[in-house]
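Enquirer: Structure, please.
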Amino acid sequence: MPYCDERPPWSMTGSELLSALDAAQTEITRLQTYRLQLLAALDTNGHAAEIGARDTIQLISVRHRLDPTEVRRDLRLATALPKYSEVQAALSTTEPSSPALHVAQAESIVTTLERIPAAAKVPVETLQVAEHELVKAAQTLAPADLRKLGKHLRDTLDTDGPEPAEARALAAETLWLRRGELGVEFGGYLAGDNAELFHTLIFAGAKPHQTPDGARDPRSRGKRQADALTAILTTAAATGTAAPAHGHIKPHITVTIALNDLTAGTGTGTLASGTTLSTSTIRRLACDAGIIPMVLGSNSEPLDVGTEHRFVTPAIRQTLNTRDKGCVICQAPTAICDAHHLTHWADGGPTTVTNLALLCKAHHIDVHQGHWTITMHQGHPQPTRPTWADKPKPP
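Expert: Predicted structure coming up:
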């Protein structure tokens, strides 16, 4: 029976709320531990096959509406736990004087010990000492810190382990992509030096930057990291060698849009994947090489299919790099800048150096949204701050 305080939280003092949370955590751990015992017993019993399920993982994931990966992880822990008596005891204890674990800590410890291969020939006594020390460390360490300590311990016990482990980690590398409503969802895993390279580039590109008026960077950490990844991809694409199958030509996208929408700045265009983009976004993308527009007439007949070099050629781009030396608003490096048409090509603007300026992606978006104005003055682009960015002058 539950033994935690179930009074309405609004009726409790701060100390009572904290005590109730302590009791709830203890009860959650007790129930989770009991669930693990039931899982292991059910798997041993073979009942899943008896009632027509493929295995215990399928039975529980479908019956309880859980992700199979979550059930698989729990079952792996449940079947391994009997080998680790001290972990089991610490999970089950309710004595304040004993080092109690919760299930996530237990998983970190058991996973660490399970990953020590038999080929390492670590004596049983040594493994027992390692288990004891990890359980003791769990009195103060969270699961993530326990995993770090466990890796150090494992590398110490298995002196021949890092190389095979690295090979397994490299073999496990993966990347998945899934179309979202307005973009792409993705995730994956990188190992070793690939992980370090990725982390280093993202970390360097995600540093906060002051806004032009000196305010703090308003972007969240996640947004800064997403912007860093976009900048890395844009830079790689600009080299023309990032995707060998493209034959040293910058990978590009094709968008279909009606001429009236393109010139009026209204409506949407459609990418090859079926995703739609606003006309303002298409006009921004079309400033630089990397997008091929298929312009349709009023009867949806193709009027023009542009080519990549219809826009900014390598020679023009090099000239812009030399003249502007980066974003003309924030001085971001040239490698992450787009070439912006001051008078858009859809409005009759030529693709010439005198009608182009380098802008980082963020400011390129701002310019197309009308937040900045750029004019040419003595052969150099001059940005004008939006009026809302200026603080009112004191009377």
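Enquirer: what pLDDT, on average, does stretch 270-287 get?
Expert: Taken as a whole, stretch 270-287 has a mean pLDDT of 65.
Enquirer: Could you do stretch 52-66 as well?
Expert: 87.
Enquirer: residues of it that come out buried?
Expert: Going by neighbour count (16 or more other Cβ atoms under 10 Å), the buried part of stretch 52-66 is Ala53, Asp55, Thr56, Ile57, Leu59, Ile60, Ser61. Heads up, the C-betas are built off the backbone N, CA and C, glycines and all.
Enquirer: Pull the residues that contact it.
Expert: The contact list for stretch 52-66, computed with Cβ atoms under 8 Å, 6 or more residues apart in numbering, reads 39, 42-43, 47-49, 51, 67-68, 70-72, 75.
Enquirer: Thr13: which of those is nearest?
Expert: Glu70 (36.2 Å; Cβ to Cβ).
Enquirer: how about that closest one, what does it touch?
Expert: For Glu70, counting by Cβ under 8 Å, 6+ apart, the contacting residues are Ser61.
Enquirer: Please settle this for me: is it part of a helix?
Expert: Yes - applying DSSP: H, G, I helix; E, B strand; the rest coil, one finds Glu70 inside a helix.
Enquirer: first vs last residue of stretch 169-182, how far apart are they?
Expert: 32 Å (Cα to Cα, to the nearest Å).
Enquirer: buried sites along it?
Expert: Buried residues in stretch 169-182, counted by 16+ other Cβ under 10 Å: Ala169.
Enquirer: what's next to it, contact-wise?
Expert: By Cβ under 8 Å, 6+ apart, stretch 169-182 touches Val184, Glu185, Phe186, Gly187, Gly188, Tyr189, Leu190, Ala191, Gly192, Asn194, Ser273, Thr275.
Enquirer: Same question for stretch 134-150.
Expert: The contact list for stretch 134-150 (Cβ under 8 Å, 6+ apart) reads 86-87, 90, 99, 101, 104-105, 107-109, 111-113, 153.
Enquirer: buried stuff in it?
Expert: For stretch 134-150, by 16+ other Cβ under 10 Å, it's Leu134, Val135, Ala137, Ala138, Leu141, Pro143, Leu146, Arg147, Leu149, Gly150.
Enquirer: Got the confidence number for the fourth one?
Expert: Going back to what we said before, that points to Ala138. So Ala138 comes in at 89 (pLDDT).
Enquirer: Would you check how far apart it and Leu149 are?
Expert: Using Cβ to Cβ, to the nearest Å, Ala138 is found at 9 Å from Leu149.
Enquirer: And for the fifth one?
Expert: According to Cβ to Cβ, Leu141 and Leu149 sit 7 Å apart.
Enquirer: circling back to that earlier point, most widely separated two among the contacts of stretch 169-182?
Expert: Largest pairwise distance in those, by Cβ to Cβ, is 34.2 Å, between Gly192 and Thr275.
Enquirer: ok, those two, which is more surrounded?
Expert: Shown here are Gly192 and Thr275; by other Cβ atoms under 10 Å, Thr275 has more neighbours (17 against 13).
Enquirer: Contacts only, for Val103.
Expert: By Cβ under 8 Å, 6+ apart, the residues touching Val103 are Thr29, Gln32, Thr33, Leu36, Leu77, Leu91.
Enquirer: Now list the buried members of the residues you listed.
Expert: Thr29, Thr33, Leu36, Leu77, Leu91.
Enquirer: The third one: which element?
Expert: In this case it means Leu36. helix 14-45 (DSSP states H and E).
Enquirer: what packs against that helix?
Expert: On a contact count with 3 or more Cβ pairs under 8 Å, 6 or more residues apart in numbering; DSSP states H and E, helix 14-45 meets helix 56-63, helix 68-80, helix 85-92, helix 103-114.
Enquirer: and Ser15, which of those helices is closest to it?
Expert: helix 103-114 (25.4 Å).
Enquirer: Only the buried residues of the helix or strand just after that closest one, if you could.
Expert: Using DSSP H and E, the helix or strand that follows helix 103-114 towards the C-terminus is helix 124-137. For helix 124-137, the neighbour count (16+ other Cβ under 10 Å) marks Ala130, Glu131, Leu134, Val135, Ala137 as buried.
Enquirer: From the contacts of stretch 169-182, pick the one nearest Leu229.
Expert: Nearest to Leu229 among the contacts of stretch 169-182, with distances taken as Cβ to Cβ, is Phe186, at 9.6 Å.
Enquirer: what's the burial count for the closest one?
Expert: 11.
Enquirer: Extract the C-alpha set from the helix or strand encompassing it and format it as CSV.
Expert: Assigning secondary structure by DSSP H and E places Phe186 in strand 184-189. C-alpha atoms of strand 184-189 as CSV (Å, rounded to 0.1, in the frame of the first residue of the first chain):
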residue,chain,number,x,y,z
VAL,A,184,13.4,17.8,-40.4
GLU,A,185,13.7,16.0,-37.1
PHE,A,186,17.0,14.1,-36.6
GLY,A,187,19.2,12.4,-34.1
GLY,A,188,21.9,9.8,-33.9
TYR,A,189,25.2,8.8,-32.3
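Enquirer: Whichever helix or strand comes after it vs strand 184-189, what angle?
Expert: Note on strand 184-189: by DSSP H and E, the next helix or strand toward the C-terminus is helix 192-205. Angle of helix 192-205 versus strand 184-189, following axes from the mean of the first three to the mean of the last three Cα atoms, to 10 degrees, is 130 degrees.
Enquirer: out of the buried ones among the contacts of Val103, which one sits closest to Thr352?
Expert: Taking Cβ to Cβ as the measure, Thr352 sits nearest to Leu77 out of those, at 65.6 Å.
Enquirer: give the contact list for that closest one.
Expert: So Leu77 contacts Leu36, Val103, Ala106, Glu107, Val110, Thr111 (Cβ under 8 Å, 6+ apart).
Enquirer: how about those residues in CSV, adding distance to Thr281 and pLDDT?
Expert: Formatted as CSV, those follow (distance: Cβ to Cβ, whole Å; pLDDT from 0 to 100):
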residue, distance to Thr281, pLDDT
Leu36, 50, 94
Val103, 46, 92
Ala106, 49, 93
Glu107, 45, 93
Val110, 50, 93
Thr111, 45, 91
